[in-house]
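Visitor: Structure for the following, please:
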Amino acid sequence: MQHSNVRISGVGTYHPQNKLTNEVIFEHFRKVGKDVESLYKHLGREERYYADPGETAITMGVIAAKRALEDANLSPDQIQMIVFASDTPEYLIPTNALLISRELETKNAHIVYDLNANCTGMITAIDQVYRYMDHKKLRYALLVSSVHISPWCNEDDELYYGAWGDSGAAVVLERVESDERFGVIDSEFFSDSSYYRMTTMPDSGMARIHDESLPLAKRKGGWEPVDFDFLPEKWNILIRELAQRNGLELKQIDHIIFSQFSIYAIKEALKNLGLEDDPRLYTFVGNKYGYTGHTSPIFGLSHALQDGKIKDGDNVVFISAGAGYIISSFLYKFDGALLK
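Guide: As a prediction, the model looks like this:
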């Protein structure tokens, strides 16, 4: 039986050079009368990177995209579709995917659009684009993401300032006909709008972003405290559903690439799944880069590959959560494409 598979054949990431260590961040918050050390230990933060002047969501995304194309050994004119996933785009008009296409000179990419699913953006985009590629019989698509959070941070805000980082990431998707089934296998989603005010950007809403009667802080990022300790169990429901629906036992899931927001949430999820707290079973890089939202699963994937945690034939679950809140996940079976 012939299968139309869509696999990841190239990965690229980028972070700026401006590194902020915990010592710098802790001292910053001491000056505004806040002790954030226990919070950042809970999340698992050590270092993060902020964009330098002149860097944007476009420039970071383009660098990551070039690296993904190089990793896939493709030229720009082989790409037929570009999707840009971000909640901090450089422009509302035109679509940022068009600008990335222009910079890369992808002259045959005629399907270009932006997608915003908050921190689940790249996972959602991979699921959507793989289905579209199969329907339209496209060969190659490029998915690009950037997080440019630093301009939106209020400097007395411990959730955004210092916990996050700026970054770019990209993957090349390739459709391959084969007797074997591999690549993106299945997906599962969940949403609950009860927490729609948990984080807002701009906090004023776009309609009032230029209203100078509002303080500047109100026109940047805002949030309301939420006890998010229920998240690991919600992740587990989706992981169990993916496994059961595809005839897998939990022990047959070889690796999980979680949202990189919280190491505590990852460890709780593993415990609730009855899996060991074994670094071979998951990848966490939120300590190295801060939380990078949309791009964080791709940074996780890149490190999992570099560290040899994934091998040919492995079943890997990608899962993340976004503001409001939403959860996106997909099951992926690796072939040899990325295992170089």
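
Visitor: same for the lowest-mean-pLDDT helix or strand in the chain, what does it pack against?
Guide: One helix or strand of the chain scores below all others by mean pLDDT, DSSP states H and E: strand 222-223, with a mean of 84. Here strand 222-223 touches strand 199-200, going by 3 or more C-beta pairs under 8 Å, 6 or more residues apart in numbering; DSSP states H and E. Where you see a C-beta, it was placed from the backbone N, CA and C, and this is true even at glycine.

Visitor: Show me what the mean pLDDT comes to for the strand it packs on.
Guide: Averaged across strand 199-200, pLDDT comes to 88.

Visitor: Packing partners of that strand?
Guide: Secondary-structure packing of strand 199-200 (3+ C-beta pairs under 8 Å, 6+ apart): strand 222-223.

Visitor: Need the contact partners of the strand it packs on.
Guide: Outside strand 222-223, the residues that touch it by C-beta atoms under 8 Å, 6 or more residues apart in numbering are 157, 159-160, 198-203.

Visitor: Can you name the next helix or strand after that strand?
Guide: Helices and strands here follow DSSP states H and E; after strand 222-223, the next one along the chain is helix 231-245.

Visitor: List the contacts of the residue lying closest to Thr95 once chain neighbours are set aside.
Guide: Spatial nearest neighbour of Thr95, excluding adjacent residues (C-beta to C-beta, 6 or more residues apart in numbering): Asp114 at 4.9 Å. By C-beta under 8 Å, 6+ apart, the contact list for Asp114 reads 83-86, 89, 95-97.

Visitor: export those to CSV and tack on secondary structure, distance to Glu105 and pLDDT?
Guide: Putting these into CSV (DSSP: H, G, I helix; E, B strand; the rest coil; distance: C-beta to C-beta, whole Å; pLDDT from 0 to 100) gives the following:
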residue, secondary structure, distance to Glu105, pLDDT
Val83, strand, 18, 98
Phe84, strand, 16, 98
Ala85, strand, 21, 98
Ser86, coil, 21, 97
Pro89, coil, 21, 97
Thr95, coil, 17, 98
Asn96, helix, 16, 98
Ala97, helix, 14, 98
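
Visitor: Just among those residues, which is most surrounded?
Guide: Among those, Ala85 has the most neighbours (other C-beta atoms under 10 Å), with 33 neighbours.

Visitor: State whether that one and Gly121 are indeed in contact, as I suppose.
Guide: Yes - using C-beta atoms under 8 Å, Ala85 is in contact with Gly121, at 3.5 Å.

Visitor: Can you work out which residues contact both of these two?
Guide: Common contact partners of Ala85 and Gly121 (C-beta under 8 Å, 6+ apart): 115, 145, 294.

Visitor: Relative to Ala243, how far out is the second one?
Guide: So the one you mean is Ser145. 27 Å (C-beta to C-beta, to the nearest Å).

Visitor: which one of the two has more residues nearby?
Guide: Legend: neighbour count by other C-beta under 10 Å for Ser145 and Ala243, higher for Ser145 (31 against 20).

Visitor: Distance-wise, check the more buried one relative to Pro16.
Guide: Separation of Ser145 from Pro16 (C-beta to C-beta) stands at 15 Å.

Visitor: Ok, Arg48 next?
Guide: Counting by C-beta to C-beta, the gap from Arg48 to Pro16 is 10 Å.

Visitor: for Ser75, same thing?
Guide: If you measure Ser75 against Pro16 using C-beta to C-beta, the figure is 27 Å.

Visitor: ok, back up a step: for Leu250, state which of the contacts of strand 222-223 is nearest.
Guide: Met198 (29.3 Å; C-beta to C-beta).

Visitor: check contacts around the closest residue in space to Glu37 that isn't next to it in sequence.
Guide: Using C-beta to C-beta, 6+ apart and skipping the chain neighbours, the partner closest in space to Glu37 is Phe26 (6.0 Å). With contacts defined as C-beta under 8 Å, 6+ apart, Phe26 is in contact with 36-37, 40.

Visitor: What count of nearby residues applies to Asp192?
Guide: 12.

Visitor: how about the closest residue in space to it that isn't next to it in sequence, phi and psi?
Guide: Spatial nearest neighbour of Asp192, excluding adjacent residues (C-beta to C-beta, 6+ apart): Tyr325 at 6.1 Å. Tyr325 adopts backbone torsions of phi -130, psi 160, taken as degrees, to the nearest 10.

Visitor: Please name the bridge partners of Ala169.
Guide: Counting by DSSP bridges, Ala169 is bridged to Thr13, Ser145.

Visitor: Gly293 is in contact with that one, correct?
Guide: No - Ala169 is not in contact with Gly293 according to C-beta under 8 Å; the separation is 10.1 Å.

Visitor: quick one on the thing from earlier: would you mind putting the contacts of Asp114 into a markdown table with distance to Glu233 alongside?
Guide: Shown next, in a markdown table, are the contacts of Asp114 (distance: C-beta to C-beta, whole Å):
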| residue | distance to Glu233 |
| --- | --- |
| Val83 | 31 |
| Phe84 | 32 |
| Ala85 | 26 |
| Ser86 | 29 |
| Pro89 | 32 |
| Thr95 | 37 |
| Asn96 | 35 |
| Ala97 | 35 |
